[in-house]
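**Q** Curious how this folds, go ahead:
(chains A and B)
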Amino acid sequence: MKDLKSKMEVLIFISENPISLKNISEFLNIDKNETEILLNDLMNEINNLKRSFKLEKIADGYQFRTNEDYKDLIKEYINKKPFRLSRASLEVVGIIAKRQPITKLEIDKIRGVDSTGVINVLLERDIIKVSGEKNAPGKPYLYKTTDFFLEVFSLNDISEIPDIDEFNDYDASET
Amino acid sequence: MDNFSKNSDSNYSLKLDIFEGPLDLLLTLIRDKDLDIYEISLTQVTQQYLEYVDLLKQINFQNIADYLVVAAELTRIKSRSLLPQDEVEEEIENENEIDLIEMLKEYKKYRLLSEDLNKRKILGRDTFKRSQNEEFKSDVLWEVEKTNIWKLVTAVKNILNYENYKEIPDLDIIPDNINFEDRKKEILEIFDKIQTVEFDKIFCINNSKEKNIASLLIILELVKDSVIDFNYQDSNEIKFFKRS
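**A** The predicted structure is shown next:
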């Protein structure tokens, strides 16, 4: 068991992107359910060590990620100008995440304003993608979020996005 | 206003996506007054909303049409609220009307969702993964805009509300010809010299209206291009600074 978990650990360790349960179980030739149990064990073990990094479930895969406490240190070390997401682009990506696949016109209608610029930025950054065309006059593009979106927002699955109807009762606080 | 739009080329119309749109503006105004989304709240912010749209018109803002649609609806709601009740019922069935209340409520949910997304651990902002190269070349660092652009617009709007702008200038006063490039250079020079630039170093009641509006356009552009940023304390005093 210990040996199997260590094998899983190194596979995750060497991967830059989240490595899927399927890949791990097929490569090690272990049943998928058993793999998942072992991986959950492994996650608990590692995360209980309270190291500077954690093992997390991201975009339906497994990945080592740093603890939040070290974000400033890391940013200082990487020393790169961050790409700035506007508040508008967070809004559009939220709409797409909830309503996908969705056309630009439908997004514009929710926001009451043209979203072309924001959509282009999100496309360029691989946060969203064109998933097809809507069977409607003009054959408008349909947009979806990408796996990279899940990675950036630390989501394992799109269903982890909260139910927006529950937001009804409390008020927006200014950030 | 006409002076600089004629002199400068058309790329000085503003197509900023740092403005979230008319519904965001409306929601901000309603929230600032601690109101909930009801028709009566809309009538209470109509005048203010129209003032913002007036300013956006002057900075040659490209998405202005979207703001005008909402302005028209607000005006209609306001005038209807002044009508006797029986006349209101006849008018209410117009199918062309947009249901502003419904739109706002729906929009607000996504607004809250975006705030929720912003609270998540963002890769390249709060948490980092292993990188395959030393220089982190393929890694994207992210940040999310913190400042509320309406704060800045409000501050400029307040300046333009001063009495000295309300009078129609005498004919013998030579209109202030604002050259955008010159003003931009001027502003950039200020930022080269000083770390933190006070609001009234850029916007000032002694400047002409045209100059203040041109400055707003330039400042918005610089904020959008991540050259500068601004913050504000509790005193609401805005300070600009150059981004590293």
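**Q** who touches the residue in chain B that chain A sits nearest to in this structure?
**A** Of all residues in chain B, the one sitting closest to chain A is B:Gly21 (2.9 Å; CB to the nearest CB). Glycine gets a C-beta too; all of them are placed from N, C-alpha and C. With contact taken as CB atoms under 8 Å, 6 or more residues apart in numbering or on different chains, B:Gly21 is in contact with A:Ala88, A:Arg111, A:Gly112, A:Val113, B:Asn63, B:Asp66, B:Tyr67.
**Q** do A:Lys22 as well
**A** Contacts of A:Lys22 (CB under 8 Å, 6+ apart): A:Lys32.
**Q** Am I right that A:Lys80 is in a strand?
**A** No - according to DSSP: H, G, I helix; E, B strand; the rest coil, A:Lys80 belongs to no strand; its state is coil.
**Q** List phi and psi for it.
**A** Per-residue torsions, A:Lys80: phi -130, psi 150 (degrees, to the nearest 10).
**Q** which residues does the closest residue to it other than its chain neighbours contact?
**A** Spatially, and ignoring its direct neighbours in sequence, A:Lys80 is nearest to B:Leu141 (5.3 Å; CB to CB, 6 or more residues apart in numbering or on different chains). Listed by CB under 8 Å, 6+ apart, the contact set of B:Leu141 reads A:Lys75, A:Ile78, A:Lys80, A:Lys81, A:Pro82, A:Phe83, B:Gly124, B:Arg125.
**Q** which among these end up buried?
**A** Taking 16 or more other CB atoms under 10 Å in any protein chain shown as the criterion, what is buried in the contacts of B:Leu141 is A:Lys75, B:Gly124, B:Arg125.
**Q** What's the separation between the residue nearest to A:Lys80 and B:Glu51?
**A** Distance of B:Leu141 to B:Glu51, computed by CB to CB, to the nearest Å: 38 Å.
**Q** thought A:Lys71 was touching B:Arg125?
**A** Yes - counting by CB atoms under 8 Å, A:Lys71 touches B:Arg125, with 7.0 Å between them.
**Q** so which strand or helix has the residue nearest the centre of chain A?
**A** Centroid-nearest residue in chain A: A:Leu150, 1.3 Å away (criterion: CA atoms, centre = their mean). Assigned by DSSP states H and E, A:Leu150 falls within helix A:147-152.
**Q** next SSE after the longest helix along chain A?
**A** Ranked by residue count and defined by DSSP state H, the top helix of chain A is helix A:32-48. Sequence order places strand A:53-58 as the next helix or strand after helix A:32-48, per DSSP H and E.
**Q** which other helices and strands contact that following strand?
**A** When contacts are defined as 3 or more CB pairs under 8 Å, 6 or more residues apart in numbering or on different chains; DSSP states H and E, strand A:53-58 sits against helix A:32-48, strand A:61-66.
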